[in-house]
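> Below: sequence and its predicted model.
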Amino acid sequence: MTVTPKTEERANPGHVTAVSTHPSRPEDMSSSDVHEGHDHEHGFHLVDVLRVVFVALAAAAVWSHLWEPFHGVSVIGLAAALIGGYPIFKEAFENIVERRMTMELSMTIALVSALAIGEFFTALVITAFVLAAEILEGLTVGRGRRAIQDMLDLLPQTASVLRGEHIVEVETRAILPQEIVMIRPGSRIPVDGRVVDGHSFVEEAAITGEPMPREKILGSEVYAGTINQAGTLQVCAERLGKETTFGKIIEAVERAEHSRAPIQKMADRLAAYLVYFALGAAVLTFVITHNLRSTISVIIVAVACGIAAGTPLAILGAIGRAARKGAIIKGGIYLEALGQLDTVFLDKTGTLTFGVPVVSEIRTGPGITERVLLEAAASAERSSEHPLGRAIVGFAEQQGVQAIHPESFEYRIGQGVIAFVHGEPIVVGSRALLEQLGVSPPEEHQKAPGTEIFVASGRKYYGSILVTDRVRPSAAHATRALADMRINVVLLTGDSKAAAKAVASQLGVVQFYSELLPEQKSAYVTEQVRRGRTVAMVGDGINDAPALSEASVGVAMGAGTDVARESADVVLIGNDLDKFVDTVRIARNCRRIILENFYGTLIVDTIGIGLAAAGMLDPLFAAFIHVASELTFIFNSTRLLPPLERNKHAGEETVIAQTKA
């Protein structure tokens, strides 16, 4: 009746380090690995059904007064209660040894009491109810756990690998890093990697949650567990097994089953308190009424099982659903924190923006055409490795402007470049650099958002090029959605005030801080946590790692650096901020459902115990209320479980058939 994980999650406020005993690769995991330690509680076995049938038949025999050789004692009823109720009695004995107060222990007290006063039929019906509820609960909770096995089924067991001049079929676990894997139409991709040849469309719903297939060309990234729909792809394997995005999702779901969030510990304590309360009320009822039937009814009607089973199921379902949406949550503690979120700090570059500078505007000087300005700037920056310089060269190529290779090139850190082209010095850089060399750019361009790069040839001012970082399409929608949830959104960036203000204005973010060093970002986050706020920090770079570690929940963009992902408690697959919004909604829904179970349990327990103490509930009706309430709260939690998948193999056959057609 009670799902009580015994494995504690080891975590600190900023980062969780999973203690993994899983096989080295997801494809090595068997269903027994996934369910180890739990099958004895919730596995569906024929013997469980036969036990319920046996108890039900015995109850019918007792009701019909079959074979009662001893007056006042039903041999059939006593034997059936002891045999049928063995699982309940066994768990109760274990609870006594462990000195834990649970519903199994209180139910054992009720059953023994019923047998002691000759209520054999009542004892058998209660036993049948409880055993049947065990089976239904096991099937329900098992659906959440089977999500792991369902995900494992998405990985192919074999793959075609190019070795030498031959394509050989090998087990997935035998693929080596940097090997070329052939992905045929309709087949699932077994590794994370990049396309080195071929063109196709890949359905990535299992990883990103996106229903529309994505086009894959040379250099495109592909994920294990996704389906190749059209042409054949050659993929260079970069990440294998548990290191793949898919493998990390599976590990996250597994950790969810074993993690214990603070709210789950609270549920366990509440369950124990309710049992103590029920037993106390039963003693008080007997002292006042001397009615054993009412006393037994008080014990039976307690429904703490619904809390203890429903809470971990809700957490498991929420983390599984978030994984389907493209967010890997590293433990229940972070899911709970997301459910109480009130402040979100967002990094700008790479999180709200693409992190790739692009030319947004050309401003020419007197008598200078755009083509002349671009040719001069691109020629000077041709040998530069600076991102802004590469953006200018790339834009010039798009415009059909040919850059000339400079005779000499000098890079001045933090200022710009000086290059000689056809013997003429060309300066591309900051206002300060041009002024230092005797060129004065016009003042009206100083306050432009983005980064303004000034260009001069000799002592003649050619103009300026404005380079900006494009805002991600999902950023505005995500920030509005967070604001609608009454979450305070704050922009933190190391960029200039003008650039920060421009992005904040586009996104409707009121509060922003610019020109921050990594330790200053971390200080802002730490201060809000110290004030008692529940804070999330969303970032993607190495400079965001300290702030991610200090936040209540650190959230890393999946395409960010390894350091950011390791420092984070939640990892978004890809760079879509809408996935973060979906995850927050799931977390809030999880918290709401758990609280519904809490309050529902308190209400039903209070009313049920009161009615039973007053003699208005007999043991049979009390047992019905107990089981019905328990299953109601468990089914309430199942609303968070990921939707059942359609027949995967049928779906794959359809894809293959469409491809051949």
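Ah, there it is. None of the values given here were measured: they were computed from a predicted structure. Numbering: from 1, shown residues only.
> What about residue 635, how many residues nearby?
Close neighbours of residue 635, defined as other C-beta atoms under 10 Å, add up to 15. Using the backbone N, CA and C atoms, a C-beta is placed for each residue, glycine as well.
> Buried residues, the helix or strand hosting residue 52. List them.
Under the criterion of DSSP states H and E, residue 52 resides in helix 46-63. For helix 46-63, a neighbour-count test (16 or more other C-beta atoms under 10 Å) marks 48, 51, 52, 54, 55, 56, 58, 59, 61, 62 as buried.
> what's the answer for stretch 180-199, then?
In stretch 180-199, counting by 16+ other C-beta under 10 Å, buried: 180-183, 185-193, 195, 198.
> if we can go back for a sec, could I get the buried residues of helix 46-63 as JSON lines with distance to residue 214?
Formatted as JSON lines, the buried residues of helix 46-63 follow (distance: C-beta to C-beta, whole Å):
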{"residue": "48", "distance to residue 214": "45"}
{"residue": "51", "distance to residue 214": "51"}
{"residue": "52", "distance to residue 214": "49"}
{"residue": "54", "distance to residue 214": "55"}
{"residue": "55", "distance to residue 214": "55"}
{"residue": "56", "distance to residue 214": "54"}
{"residue": "58", "distance to residue 214": "60"}
{"residue": "59", "distance to residue 214": "59"}
{"residue": "61", "distance to residue 214": "64"}
{"residue": "62", "distance to residue 214": "64"}
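> right, and residue 107 touches residue 300 too?
Yes. Counting by C-beta atoms under 8 Å, residue 107 touches residue 300, with 7.1 Å between them.
> Who has more neighbours out of the two?
For residue 107 versus residue 300, the count of surrounding residues by other C-beta under 10 Å is larger for residue 300: 34 against 26.
> show me the residues around the more buried one that make contact.
107, 110, 126, 612, 619, 622, 623, 626 (C-beta atoms under 8 Å, 6 or more residues apart in numbering).
> so where's the stretch 351-500 of the chain uncertain?
444-450 (pLDDT under 70).
> what do you get if the cut-off is 80, keeping everything else the same?
Scanning the stretch 351-500 of the chain for pLDDT under 80 picks out 354-356, 385-387, 413-414, 443-451, 469, 494-496, 498-499.
> Helices of that one, start to end?
370-381, 387-398, 431-436, 473-484, 497-507 (DSSP state H, counting those that start in this stretch).
> okay but residue 291 is in contact with residue 285, surely?
Yes. Taking C-beta under 8 Å as the definition, residue 291 is a contact partner of residue 285 at 7.2 Å.
> Out of the two, name the residue with the larger neighbour count.
For residue 291 and residue 285, the more surrounded residue by other C-beta under 10 Å is residue 285, and the numbers stand at 23 against 13.
> coming back round to it: looking at the buried residues of helix 46-63, which is nearest residue 241?
Lowest distance from residue 241 to the buried residues of helix 46-63 (C-beta to C-beta) belongs to residue 48, with 35.3 Å.
> Need the pLDDT of that closest one.
Residue 48 carries a pLDDT score of 87 in this model.
> Give me the sheet partners of the stretch of helix or strand residue 170 belongs to and which way each runs.
Counting by DSSP H and E, the element that carries residue 170 is strand 166-171. Using DSSP bridges, strand 166-171 pairs in its sheet with strand 158-163 (antiparallel).
> Can you name the element that comes right after the helix or strand hosting residue 277?
Per DSSP H and E, residue 277 falls inside helix 262-289. Next along the chain after helix 262-289, taking DSSP H and E as the criterion, comes helix 292-301.
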